[in-house]
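Chemist: model this:
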Amino acid sequence: MFAVRCITPVASGKAVLFDAVAHPLDGGQVATLFFNRTTPPEAIASGAQDMAADIVTIANSPVLRIDLPAGGEGLTLRLDGRECQIAPHPAEPGLLAGHNVALALRNGESVRTVADWLDYHIAHHGLTGALILSRAQPGTDSAFAAGIEAWLAGNHPDFVLLLVEIDYPLGNPVLPPEAHPYCAPDAPGKDRMDIPPPDPWRSPLAEFVLYEWARTRFLGQARAVCALDVSDLLSPHAGPNVFDLTASSETGYVQLLGRNCYPWRVRKGAAATFGDHTCVQFDNRRLKRRWCVAPAMVPRETYWRQSRIGRARPLPEYRMFHRFMAIRHPTDSIATIVPKTSLIERDDLIALATGLLGHKPVPMPAVKPDHSHNGRRAIVTTMKNEGPFILEWIAYHRAIGVDDFLIYTNDCTDGTDELLDILQDEGIVQHRDNPFRGTGLKPQHAALQAAESEPLITGADWAICMDVDEYIDVKCGDGTLDALFAAVGDVNMISLTWRLYGNSDVHAYQDRFVIDQFTRCAREFANKPHQAWGFKTLFRNIGLFKKLGVHRPKGLNPQLWEQVRWVNGSGQPMPREMYRNAWRSTAQTYGYDLVQLNHYAVRSAESFLVKRDRGRVNHVDRDQGLAYWFRMNNNEEEDNSIRRMIPAAQAEFDRLMAVPRIAGAHNAAVTAHRAKIAELRASGNFENFYAEITGERMQRLSRLHRHFGANVFLRGPECVPDAVVARGPDEDFFFTVEAGETAH
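Modeler: Reported below is the predicted structural model:
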């Protein structure tokens, strides 16, 4: 049997009455009135009587129950000040009485999709009836009603299908059509999407009171009702079907737990079907909730919502379903609705697709990791005008076990290029011009893209992308990478969380080791500013990821996700939710026990003038001004752990300096750095800036970071009152401000 019901709401000012349903209650006759979620309760009145006190709220919508007069005449209501005659519609529980019913939303899905959905649940889950609430505007989708009626007559003539249309937009008024990738919960890059205008006829549902309305109007005598959309399939189960389980349970209420699933790929020119969906996200363990309920078994005071039955106790046993996302969000490219780096095949979905659904889905391509090792460790880096600091950095990392350095530079004027060319001639590094010009890429990103095809990187056993102001501080064993690898065991990724090192109140540039001069830094638990807990990743080059990234390799091959063995700086496993995109540690994932990345972002005040003048390699559009100095100059406590490696680093430095050309180039870079400092300090603007960052106020602020909220670091040091600056670092206080424009 096929039936259609068209509901015409009554709208008056701010009040919208979806429907008034007449039904028996306690031996009498009542009308239950269902309003939309934006109707103010005070806008509803009966004659001269304010009805607000008698209104209950279900799913954020006003619901009013009124005794009907014995004569059965209609109701007179004042809706937002206008008198309206309301003729309640008699409830029609007989249409689906005794049936196992699916209560479903349809938002543009095709006749074929709905037919496949019905076929599957009829054949494998005992479905005998369905109430489909079609979101289409009445009169715009008559072909669907005709098509599904014809299909039903030819395939399941005894099945009862009630198609309900409501002549009112039920969707979120600020969102585009639900089919658009913007409405897909796991879609990447939403901030870069070209978003269509709002379309409440097709946007995600906002009027959730309709579940309780459907109960009252049509479903009160159904044997059991299962809330599923036409993009959802119940999972196969060896036991009783969900309707039998619900109807025979003590509570009459069974939870359904669902997970999104996706195709790996849909064949060109074909529309996605249920059988194409064989993948889930390995790092998304969130479950959506729906339900199955036996209306006669739950108390009257319960109410139906989209995700649960309010005031009811579910059976401990639950059933699973999947939401088939390329049906809910049709797309030519699966990557627009989910990051494909997160997708893995599931055996149960493959079995469903190839078995019960009789489909041949496109499989994920096989990927095998490369477990060959050559033992070499490589750093890839970008730099500009870092001449006086290069040799120490290379010497230190050679001393702890780094073999190879691939260095990209651009627009250097301080002898950096000359020094690196000589080091390349001596076999110490590989030096490349940064190929960013004309690519539209930032210099650091262009360099990493180029590095992906460099034999020095592709052939490395371990690799890391890091900067010349970052030092790997191994705190276990003898301070070498060998000691670190022995401590962490059989892993292939190690997060090195930044430890921000300040200027230690060193103002003047000195030609001395950075790791010897600057020993004051942030405390370990320094989760603000957000830069403080960034990390870089030392990773084994075995093909788990497709490309290099600034903070960690990117483009996970999801087929290999179970082979990722990633630990933090304390050797503790990183959660799978971090595998694809994370670049910052959290309170649960930071660790410094075995290794940390010392980040000397400011060095001396004089050297910072040069850094500010030359600009940034990655964030080229951002100034390194007072706010940057404030954020990165943390002098809260002392940490000398890296200084035990000074003798080994000094010995390597001396070996390099014993090569006359290297020594000459290094000394020339030092001379150029000093000359640049003198030039900048002769400028009024830079000298004033120098005076500000070396003044007592900024020195005091560098020891107060732990007392500040995140917004203080975004707004900059000017937002901190002098009275707060005057407080001692060991005092117990907290200061923050309202969010504002970010300062640089």
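
Chemist: hey, let's count contacts and neighbours off CA atoms from now on
Modeler: Noted.

Chemist: so where's the stretch 1-150 of the chain shaky on pLDDT?
Modeler: 47-53, 71-72 (pLDDT under 70).

Chemist: ok, which stretches of it are helices?
Modeler: Under the criterion DSSP state H, counting those that start in this stretch, the stretch 1-150 of the chain carries helices at the ranges 111-125, 142-155.

Chemist: so what touches the last one?
Modeler: It refers to helix 142-155. Residues lying outside helix 142-155 but in contact with it, judged by Cα atoms under 8 Å, 6 or more residues apart in numbering, are 1, 2, 110, 111, 114, 115, 159, 163.

Chemist: switch to 7 Å and redo it
Modeler: Residues lying outside helix 142-155 but in contact with it, judged by Cα atoms under 7 Å, 6 or more residues apart in numbering, are 2, 111.

Chemist: relative to helix 142-155, how tilted is whatever helix or strand comes next after it?
Modeler: For helix 142-155, the following helix or strand on the C-terminal side (DSSP states H and E) is strand 160-166. Note on geometry: by axes from the mean of the first three to the mean of the last three Cα atoms, to 10 degrees, strand 160-166 and helix 142-155 are set 170 degrees apart in direction.

Chemist: and strand 160-166, which strands flank it?
Modeler: Strand 160-166 has its sheet partners listed here by DSSP bridges as strand 2-7 (parallel), strand 129-134 (parallel).

Chemist: now the angle from it to helix 111-125?
Modeler: Going by the same axes, to 10 degrees, strand 160-166 makes 140 degrees with helix 111-125.

Chemist: output the below-cut-off pLDDT ranges for the protein.
Modeler: Counting by pLDDT under 70, the chain contains low-confidence ranges at 47-53, 71-72, 616-623, 744.

Chemist: go again using 50 as the cut-off
Modeler: 618-622 (pLDDT under 50).

Chemist: now for the helices of the stretch 1-150 of the chain, which one comes closest to residue 98?
Modeler: Among the helices of the stretch 1-150 of the chain, the nearest to residue 98 by Cα to Cα is helix 111-125 (15.3 Å).

Chemist: same for that closest one, what does it pack against?
Modeler: Helices and strands touching helix 111-125, as assessed by 3 or more Cα pairs under 7 Å, 6 or more residues apart in numbering; DSSP states H and E, comprise helix 142-155.

Chemist: checking the residue most central in space within the chain next. Helix, strand or coil?
Modeler: The centroid of the chain falls nearest to residue 186 when counting by Cα atoms, centre = their mean (7.5 Å). Judged by DSSP: H, G, I helix; E, B strand; the rest coil, the three-state class of residue 186 is coil.

Chemist: mind checking how far it is from residue 338?
Modeler: Separation of residue 186 from residue 338 (Cα to Cα, to the nearest Å) stands at 5 Å.

Chemist: give me whichever of the strands paired with strand 160-166 is most buried.
Modeler: With neighbours taken as mean count of other Cα atoms under 10 Å, the strands paired with strand 160-166 reach their highest mean count in strand 129-134, at a mean of 22.

Chemist: ok, and what's touching that strand?
Modeler: With contacts defined as Cα under 7 Å, 6+ apart, strand 129-134 is touched by 96, 99-107, 159-165.

Chemist: and if you look at stretch 14-27?
Modeler: Judged by Cα under 7 Å, 6+ apart, the contacts made with stretch 14-27 from elsewhere in the structure are 9-11, 29-36, 39-40, 43, 79-80, 88-91, 217.
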